[in-house]
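In: Got a predicted structure here, sequence first:
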Amino acid sequence: MTEFTMPSLGADMDEGMLQEWLVHPGDQVHKGDPVAVVETAKSTIEVECFETGTIGKLLVEPGTTVPVGTALALIEPAAERPRKAERHRKREKPRLPEKAETKRPARQAPHPAPVPARPEPAAEPEPSVVHERGHIEAGPLLRHLAEHSGIELETVKGTGLGGRVTRTDVEQAAAAARPSRVRATPLARRLAAELNVDLTAVTGTGKGGAVRATDVRQASSGPAATATPAPHHTASVHPSEDRSDTMRQAIAGLMARANRDIPHYYLSTTVDMATAMDWLHEHNRRAAVGERLLPAALLLKAAALAAREVPELNGFWTDGRFEAGDGVHLGTAVSLRGGGLVAPALRDADALPLPQLMTSLKDLVARARTGRLRGSDVSGSTITVTNLGEQGVEAVFGVIYPPQVALVGFGRVVERPCAVDGLLGVRPVVTATLSADHRATDGAVGARYLTVVDRLLHTPEQL
């Protein structure tokens with residue numbers, strides 16, 4: 001068995017709330033499958049499994065906040081399945097020849113002799129539960145009942161023959177656990193604690209009967225409520241405001257640390273976008289509606305290709321030295337409707353064709369704003385881009401997201417008078433900026449990066 005642990009979903013994450021399990025004990029999972037939903041200070045994220053195997057025991061209940069690195073579940077790797085199946089086949093043989101029975105203990109000295117066809121209770125090492133490396137001898141109907149009741153068979157004391165778990169044992173365990181196992185959202189639990197509301201007495205209206213914040217508030221004001229009077233400011237807090245405050249605190253802490261620990265230097269340049277915009281208009285005129293591009297696609301692709309060409313800015317500062325990224329995974333700053341921001345990654349952005357990059361960007365933004373990001377979306381970014389052009393900003397100098405060493409900023413494409421080949425004209429331009437870590441690079445490297453961005457945007461057909 002290996003441990004599935006609470007992952008680190010960002011440099012600012014120290015702990016997370018396990019909101020929901022998406023799997024059950026005994027489920028087969030593959031590497032990359034979402035297995036749990038975790039709530040961080042910034043967003044709600046689906047966390048993927050890191051290997052292929054079978055879910056063993058779930059160690060943490062939904063609604064529990066645990067530090068990064070805490071074991072959440074046990075997973076039996078796929079490689080162990082054949083060996084275990086072979087052990088079961090050997091154990092289940094009804095009768096063995098006398099010769100085989102005398103030789104087998106010699107080959108497996110640490111283990112007892114094979115179980116006879118009709119085992120006696122005294123031969124069981126643990127009379128309360130029948131185990132085989134975490135395996136409980138129970139039929140599928142009994143397992144279904146335990147799963148439906150939210151009971152782990154490993155924790156149930158069996159009263160049947162040989163310590164086997166019976167239906168009555170599971171039903172009694174479920175009845176005993178029911179008062180303490182209340183499904184509730186994290187906000188509902190916080191409100192219940194503030195308002196002194198007993199969650200076991202609240203009827204949940206959420207998914208699967210989960211208690212929501214509105215249920216707690218309604219219970220606190222109802223005739224059967226057990227709540228004590230709450231301060232006026234507590235009762236008036238809106239869930240979105242509470243969420244926004246928590247996110248702002250997380251962002252503030254990370255940015256304060258970044259400004260304190262990272263010696264930033266800043267560069268900017270003005271890029272002539274006339275050729276790029278002409279190419280974009282022509283492409284969109286010929287393309288289907290679903291394949292049309294926004295200027296942001298050109299800017300992001302140029303930033304990714306430049307990071308590949310200037311790898312000194314594509315990676316991390318860890319343990320006092322620079323570590324290059326394993327690819328160009330472009331963190332894309334996304335502002336959320338309720339306030340705050342996240343920076344999910346466009347993985348291998350330098351290799352994505354422009355239409356695919358545009359599609360991936362739309363998908364990433366939509367999932368970020370609806371709370372459907374996955375763990376792989378918010379980890380592993382090697383360089384981040386922030387584009388505030390749609391907000392009307394002409395230039396942005398951002399703060400580096402540690403442990404990265406650079407952040408690229410783009411403003412709005414605007415028309416400005418400028419001289420080209422000795423002639424004065426009005427052309428579309430964009431201001432590109434770079435915030436970089438002086439421990440990893442210096443201004444010469446940063447200037448080279450912006451020069452590459454400028455060159456790439458002058459040849460959009462090569463993006």
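Out: Okay, I see it. Residues are numbered from 1 along each chain as shown.

In: contacts, neighbours, all on C-alpha from now
Out: Fine.

In: which one's the longest strand in this protein?
Out: When the chain is parsed with DSSP state E, its longest strand is strand 423-437.

In: which helices and strands does the helix or strand following that strand pack with?
Out: Where DSSP states H and E defines the elements, the next helix or strand beyond strand 423-437 is helix 443-457. On a contact count with 3 or more Cα pairs under 8 Å, 6 or more residues apart in numbering; DSSP states H and E, helix 443-457 meets strand 264-272, helix 295-309, strand 423-437.

In: Spit out the contact partners of the closest residue to residue 30 other than its chain neighbours.
Out: Closest residue to residue 30 apart from its sequence neighbours, by Cα to Cα, 6 or more residues apart in numbering: residue 52 at 4.0 Å. Residue 52 makes contact with 28-31, 77-78, according to Cα atoms under 8 Å, 6 or more residues apart in numbering.

In: and what of residue 262?
Out: 400, 437-439.

In: are any of those residues buried, and which?
Out: Among these, the ones that count as buried by 16 or more other Cα atoms under 10 Å are 400, 437-438.

In: Distance to residue 382 and mean pLDDT added to the helices and strands packed on helix 443-457, as JSON lines?
Out: Converted to JSON lines, these look like this (distance: least, Cα to Cα, whole Å; pLDDT from 0 to 100):
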{"stretch": "strand 264-272", "distance to residue 382": "17", "mean pLDDT": "97"}
{"stretch": "helix 295-309", "distance to residue 382": "9", "mean pLDDT": "97"}
{"stretch": "strand 423-437", "distance to residue 382": "13", "mean pLDDT": "95"}
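
In: Can you tell me which of the ones you listed is nearest to residue 362?
Out: Residue 362 lies closest, by Cα to Cα, to one member of the helices and strands packed on helix 443-457: helix 295-309, at 10.2 Å.

In: Tell me which other helices or strands the closest one touches.
Out: helix 274-286, helix 354-369, strand 383-387, helix 443-457.

In: Figure out which of those is closest to residue 5.
Out: Evaluated over those, closeness to residue 5 peaks at helix 354-369, with 23.1 Å, by Cα to Cα.

In: For the closest one, the averaged confidence score.
Out: Averaging pLDDT along helix 354-369 gives 92.

In: What of stretch 406-422?
Out: 93.

In: now do stretch 27-41
Out: Here the average pLDDT along stretch 27-41 is 88.

In: what about residue 316, neighbour count?
Out: Neighbours of residue 316 under the rule other Cα atoms under 10 Å: 24.

In: Which helix or strand contains it?
Out: Assigned by DSSP H and E, residue 316 falls in strand 315-318.

In: which secondary structure elements does that strand contact?
Out: strand 321-324.

In: one step back: with respect to residue 280, which of the helices and strands packed on helix 443-457 lies nearest?
Out: The nearest among the helices and strands packed on helix 443-457, by Cα to Cα, is helix 295-309 at 7.5 Å.

In: Go through the closest one and flag the buried ones.
Out: 295-308.

In: now the angle from the longest helix seen in the chain to strand 264-272?
Out: In the chain, ranked by residue count with DSSP state H as the criterion, the top helix is helix 239-261. Between the axis of helix 239-261 and that of strand 264-272 there is an angle of 110 degrees, by axes from the mean of the first three to the mean of the last three Cα atoms, to 10 degrees.

In: Okay, buried residues for helix 239-261 please.
Out: 243-248, 250-251, 254-255, 258.

In: Next: stretch 279-293.
Out: For stretch 279-293, by 16+ other Cα under 10 Å, it's 279-280, 292-293.

In: Which residue ranges of the stretch 1-150 of the chain form helices?
Out: 81-91, 98-107, 140-149 (DSSP state H, counting those that start in this stretch).

In: rank the ones you listed by mean pLDDT and give me the bottom one.
Out: helix 98-107 (a mean of 44).

In: what about the residue nearest the centre of the chain, distance to residue 390?
Out: Centroid-nearest residue in the chain: residue 375, 2.3 Å away (criterion: Cα atoms, centre = their mean). Distance, residue 375 to residue 390, by Cα to Cα, to the nearest Å: 27 Å.

In: Same question for residue 8.
Out: Counting by Cα to Cα, the gap from residue 8 to residue 390 is 31 Å.

In: So those two - more neighbours on which side?
Out: residue 8 (18 against 11).

In: Just the pLDDT for the closest residue to that one other than its chain neighbours.
Out: Closest residue to residue 8 apart from its sequence neighbours, by Cα to Cα, 6+ apart: residue 68 at 5.8 Å. The model reports residue 68 with a pLDDT of 90.
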